[in-house]
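Undergrad: predicted model, plus sequence, below.
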Amino acid sequence: MGGITPDPAPVLGLLNAFRSSQALFAAVDLAIFEILKTSNSPLSLQLICEGVACRRGQRVSEDGLDRLCRTCVALGLLETPSPGLYSLTPLAENYLVTSSSTSLVGYCTHSARVVWPLFGGLSSAVASGSQVWQQIFGQPGSDVFARIYSTPADVLRFLSGMHSFATLSAPSVVTAFDLSFATSLVDLGGATGAIARSACESYPGLHSAVVVDLPHVVADARANFAPPPGGPCDGRLSWLAADFFTEQDNQVDVVVLSRILHDWDLPRCQQLLALSHRLLRPGGALLVAEMLLESDRMGPLPVLLQDLNMLCQTHGRERSAAEYEELLGAAGFVDVKARKTGSYLDAVLARKP
Ligand SMILES: C[S@@+](CC[C@H](N)C(=O)[O-])C[C@H]1O[C@@H](n2cnc3c(N)ncnc32)[C@H](O)[C@@H]1O
C-alpha cells in the first residue's frame, strides 16, 4: 500500500488480530447470535438492543451495539438482508449458536475467559518456560485441571469448549485408522465422550466404549452431553469416574488419549503411556489424537500457536510425528503410524506387541 516496501500490512494485520477475536467474544457474550437465532427472522438494531438488555437485566448502549453489529457484518458473522436489519450468516448459524450440533460457543467463552488472559502473560511464560496461571489469575497449585475447574460453571464452560472442538474432529480421528478389529475401547480423559461416541457410530462391532474422567466432569458429561437414548450408542457408551493416573483393571482393544499428552510434562506422559500399555490386551492399539507439528517443527501455524497456548496454561507441549514415535516407542509400543487427518486434530496409532 502507498508504495511502501516491504508492505507493513502483515504486521498491522497481526497487531490488530486480537480486535477481531474480541469483537467475536463480545458478540457471543452479549448473546447477539442467540437473540437472532431465537427470533428466527431479521431484527432491527433496536430489537437486538432490547434483547440484549432483557438478557442482561440492564440497559445497553444502542450506539455501542450499532458499532459491534456493523463490525460483525464486516467479519462475516452477521448480514443485512435489507437496510437496518440484521440476520445470522450461515457461519454464525452453524458455529455461534448453542443449539447447533457444531456449536463453538463454549470454545469462544473458554477462550474469552481463560485463554485470552493467559496469553496476556505469554512473554513471561516464554521467559520462564512455564505456565502463568498464578501471575494472571492468582491461582497457586501445580495441577492445571484443579485451576481450570475452580467452580461448577468453569467445569461446564471448559467441557462445552472441549466438546465443540472434539466433535468437529472426532469422525476424522476415529476413521484415520481402521479400528474395526476392536470390541472394547477406553478413552482416558475423554470428557464429554465426543471421540468415544464417534467411535461407536463408526464401528458397529465396538460393544463397549468407556470414557474415564474426573468425578465432577463425569457427572456434568452424563447430565449435559450424553447422546439421546435410542441412538446407535445406546448400551455401548458409558462413563467411569476415576483418576487416569491410577491403574484400571480390565483389558481392552483400544485406548484413546485425545488431547491428553499435550497437557502434561514428560514424566506424567510416560506414566500415562505405561498405564495405557498395561490396559491394552496384547495386539491392542493406542490411538493418540493431537495436533501434529511438521517434521521440522516450523509449522503449521495453528499448531505452533497451540503449543504457545500449552506453554501459558500447562506443563505440556505439541509434538511432531517423529517425537510421538519416540515417546510411544520408549513406552513399549510398536508400529507407530501418524496421520494428518485434514481436520483440527491429527491421529497417531501404535500397537502393543
Ligand atoms: C484437554 S481435555 C481433553 C478432553 C477430551 N479427551 C477431548 O479431546 O476433547 C483433558 C481431559 O483430561 C481430564 N483429566 C485431567 N486430569 C485427569 C485425571 N487425573 N484423571 C482423569 N481425567 C483427567 C480432564 O478432565 C479433561 O476432560
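TA: Received it, and whenever you're ready, just let me know what you need.

Undergrad: what pLDDT does the closest residue to the ligand within the stretch 101-250 of the chain get?
TA: The stretch 101-250 of the chain approaches the ligand most closely through Gly189 (2.9 Å), counting by C-beta to the nearest ligand atom. All C-beta atoms are positioned from the backbone trio N, CA, C, and that covers glycine. Per-residue pLDDT puts Gly189 at 98.

Undergrad: same question for the one 10 residues further on.
TA: Here, the pLDDT recorded for Ala199 equals 98.

Undergrad: before we move on, what about Met1?
TA: pLDDT, Met1: 57.

Undergrad: quick one: contacts for the closest residue in space to the residue of the stretch 101-250 of the chain closest to the ligand that isn't next to it in sequence?
TA: Leaving out its chain neighbours, the residue that sits closest to Gly189 by C-beta to C-beta, 6 or more residues apart in numbering is Ile260, at 4.5 Å. The contact partners of Ile260, by C-beta atoms under 8 Å, 6 or more residues apart in numbering, come to 188-189, 244, 272.

Undergrad: Ser343 too?
TA: 168-169, 171-173.

Undergrad: what about burial for these, which qualify?
TA: 168-169, 171-173 (16 or more other C-beta atoms under 10 Å).

Undergrad: pLDDT check: weakest of the residues you listed?
TA: Leu168 (93).

Undergrad: all strands for the stretch 151-300 of the chain, in order.
TA: Assigned by DSSP state E, counting those that start in this stretch, the stretch 151-300 of the chain shows strands spanning 184-188, 208-213, 237-241, 252-258, 280-290, 292-293.

Undergrad: what mean pLDDT would you report for the fourth one?
TA: This means strand 252-258. On average, strand 252-258 scores 98.

Undergrad: ok, it near the ligand or not?
TA: Yes - Strand 252-258 comes into contact with the ligand (C-beta under 6 Å from any ligand atom), by way of Ser258.

Undergrad: give the pairing partners of that strand; include direction for each.
TA: Strand pairing for strand 252-258, using DSSP bridges, gives strand 184-188 (parallel), strand 280-290 (parallel).

Undergrad: report the beta-bridge partners for Leu287.
TA: Val256, Leu349.

Undergrad: again, but for the one 5 residues further on
TA: The residues listed as beta-bridge partners of Leu292 by DSSP bridges are Arg319.

Undergrad: and it, what pLDDT?
TA: Reported pLDDT for Leu292: 98.

Undergrad: surely it is in contact with Arg319?
TA: Yes - using C-beta atoms under 8 Å, Leu292 is in contact with Arg319, at 7.4 Å.

Undergrad: most tightly surrounded among the strands paired with strand 252-258?
TA: strand 184-188 (a mean of 25; mean count of other C-beta atoms under 10 Å).

Undergrad: as CSV, the strands of the stretch 151-300 of the chain with distance to Pro353 would be great.
TA: Formatted as CSV, these follow (distance: least, C-beta to C-beta, whole Å):
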stretch, distance to Pro353
strand 184-188, 19
strand 208-213, 23
strand 237-241, 27
strand 252-258, 15
strand 280-290, 7
strand 292-293, 24
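
Undergrad: for Asn224, which of those is the nearest?
TA: strand 237-241 (11.9 Å; C-beta to C-beta).

Undergrad: need the contact partners of the helix or strand bottoming out on mean pLDDT in the chain.
TA: Within the chain, no helix or strand scores below helix 144-148, which has a mean of 88 by mean pLDDT, DSSP states H and E. When contacts are defined by C-beta under 8 Å, 6+ apart, helix 144-148 is touched by residues 114, 131, 133, 137, 139, 141, 154, 158, 214, 263, 313-315.

Undergrad: and stretch 226-246, by the same measure?
TA: 188-190, 193, 196-197, 200-201, 204, 206-215, 218-219, 221-222, 248, 260, 268, 271-272, 275.

Undergrad: among those, the buried ones, what's the ChimeraX command?
TA: Selecting only the buried entries of the contacts of stretch 226-246 in ChimeraX, with 16+ other C-beta under 10 Å as the criterion:
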select :188,189,190,193,196,197,200,201,206,208,209,210,211,212,213,214,218,221,248,260,272,275
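
Undergrad: return the set of buried residues in stretch 162-179.
TA: Residues of stretch 162-179 classed as buried: 162-176, 179 (neighbour count, 16+ other C-beta under 10 Å).

Undergrad: can you flag which of those belong to helices?
TA: The helices, defined by DSSP state H, take in 162-174 from the buried residues of stretch 162-179.

Undergrad: circling back to that earlier point, out of the contacts of helix 144-148, which are buried?
TA: Looking at those with 16+ other C-beta under 10 Å, the buried ones turn out to be 114, 131, 133, 158, 214, 263, 313-315.

Undergrad: which residues of the stretch 101-250 of the chain lie near the ligand?
TA: Contact residues, the stretch 101-250 of the chain versus the ligand (C-beta under 6 Å from any ligand atom): 145, 162, 166, 189-191, 194, 212-214, 217, 243-245.

Undergrad: of those residues, the lowest pLDDT goes to which?
TA: Out of these, that is Phe145, at 91.

Undergrad: what's the separation between it and Thr98?
TA: 24 Å (C-beta to C-beta, to the nearest Å).

Undergrad: if we can go back for a sec, turn the residues of the stretch 101-250 of the chain next to the ligand into TSV, including distance to Met298.
TA: Rendered in TSV, the data for those read as follows (distance: C-beta to C-beta, whole Å):
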residue	distance to Met298
Phe145	31
Met162	28
Ala166	27
Gly189	29
Gly190	32
Ala191	31
Ala194	30
Val212	35
Asp213	34
Leu214	36
Val217	35
Asp243	37
Phe244	32
Phe245	33
